[in-house]
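Peer 1: What shape does this take:
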Amino acid sequence: MEQAALKVENLTIAYHKKPVVEDVSFQVPEGNLIGIIGPNGAGKSTLIKGILELVPKLSGDITIKGSTYKSMRKSIGYVPQRESVDWDFPTNALDVVMMGRYGHLGWLKRPGKAERQKAMECLDKVGMVEYANRQISQLSGGQQQRIFLARALAQEADIYFMDEPFVGVDAATEKAIIQLLMELKEKGKTVLVVHHDLSTVKEYFDWTMLLNKKVMKIGPTEEVFIPEYLQETYGGRLAILSDTQAGLLLK
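Peer 2: Sure thing, here's the model as predicted:
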């Protein structure tokens with residue numbers, strides 16, 4: 001493998017002394033869409049937050065394109081779970097997207113015409129220009145998710161982390177999001193996505209990580225996303241899949 005976009009070594013994260021992510025090690029190549037899947041409570045969101053230093057880790061080393069997270073922070077985009085955001089915060093859609101430019105500006109310099117134009121371009125990419133001046137609390141769930149995706153695009157990052165971006169959105173928004181993720185990949189960007197819908201994994205992702213507190217398997221989706229490894233990851237909970245999902249898994 002060439003220089004990894006992301007390399008994680010022996011990462012352990014615990015809440016109240018109970019490991020949630022345990023001795024996780026993996027690396028992923030640049031320019032891929034990577035799905036992180038696993039049962040509820042598997043540590044998927046915690047893994048991303050640990051990599052981004054949003055939660056403390058007990059142990060582990062993380063390098064992004066061969067450098068530390070701190071030195072690469074401006075090159076990293078993050079879309080959190082929608083429910084973790086305070087949507088009552090008094091700001092409009094355009095201001096949220098312009099926040100994605102602060103890493104380029106520095107905190108002391110105010111965004112100007114160029115940043116506003118860039119933010120509007122990103123809103124246009126997600127079909128939200130007409131909502132630029134709308135308060136974020138007045139937007140639907142799908143619209144809010146598009147705004148946060150536009151903010152990530154405004155960062156012009158090299159590697160993106162997205163925590164369940166498809167949850168609570170309509171089919172049109174999901175289609176728009178995956179199209180944007182494909183475009184990012186075509187530009188050589190690396191995108192890691194926490195994902196829960198097993199029926200779309202083969203369609204969406206080049207690589208798949210199966211996670212259940214530990215990395216069960218990681219690699220090209222066609223090699224990893226197979227019933228044997230899924231059963232190891234989900235255990236008896238795999239039986240609750242719908243017939244449609246099960247059929248797709250077995251193809």
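Peer 1: Can you point out the buried residues in the longest helix anywhere in the chain?
Peer 2: Using DSSP state H, we find that the single longest helix of the chain is helix 171-186. For helix 171-186, burial by neighbour count (16 or more other Cβ atoms under 10 Å) applies to Thr173, Glu174, Ala176, Ile177, Ile178, Leu180, Leu181, Leu184, Lys185. To be clear about C-beta, it is placed using only N, CA and C from the backbone, and glycine gets the same treatment.
Peer 1: just stretch 189-209 next, same as before
Peer 2: Neighbour count says stretch 189-209 has 189-196, 198, 200-201, 204-209 buried, by 16+ other Cβ under 10 Å.
Peer 1: what's the answer for stretch 61-81, then?
Peer 2: For stretch 61-81, using 16+ other Cβ under 10 Å, the buried residues are Ile62, Thr63, Ile64, Lys65, Met72, Ser75, Ile76, Gly77, Tyr78, Val79, Pro80, Gln81.
Peer 1: Just the endpoints, please. Distance across that stretch?
Peer 2: Terminal residues of stretch 61-81 lie 24 Å apart, using Cα to Cα, to the nearest Å.
Peer 1: could you give me the average pLDDT of that stretch?
Peer 2: The pLDDT scores in stretch 61-81 average 87.
Peer 1: Stretch 224-236 too?
Peer 2: pLDDT averaged over stretch 224-236 gives 90.
Peer 1: Quick check: phi and psi on Asp61?
Peer 2: With angles defined as degrees, to the nearest 10, Asp61 sits at phi -120, psi 140.
Peer 1: And the buried residues of helix 171-186, which is closest to Ser137?
Peer 2: Thr173 (18.1 Å; Cβ to Cβ).
Peer 1: Disregarding residues adjacent in the polypeptide, which is nearest to the closest one?
Peer 2: Computed as Cβ to Cβ, 6 or more residues apart in numbering, the closest residue to Thr173 that is not its neighbour in sequence is Gly142, at 3.9 Å.
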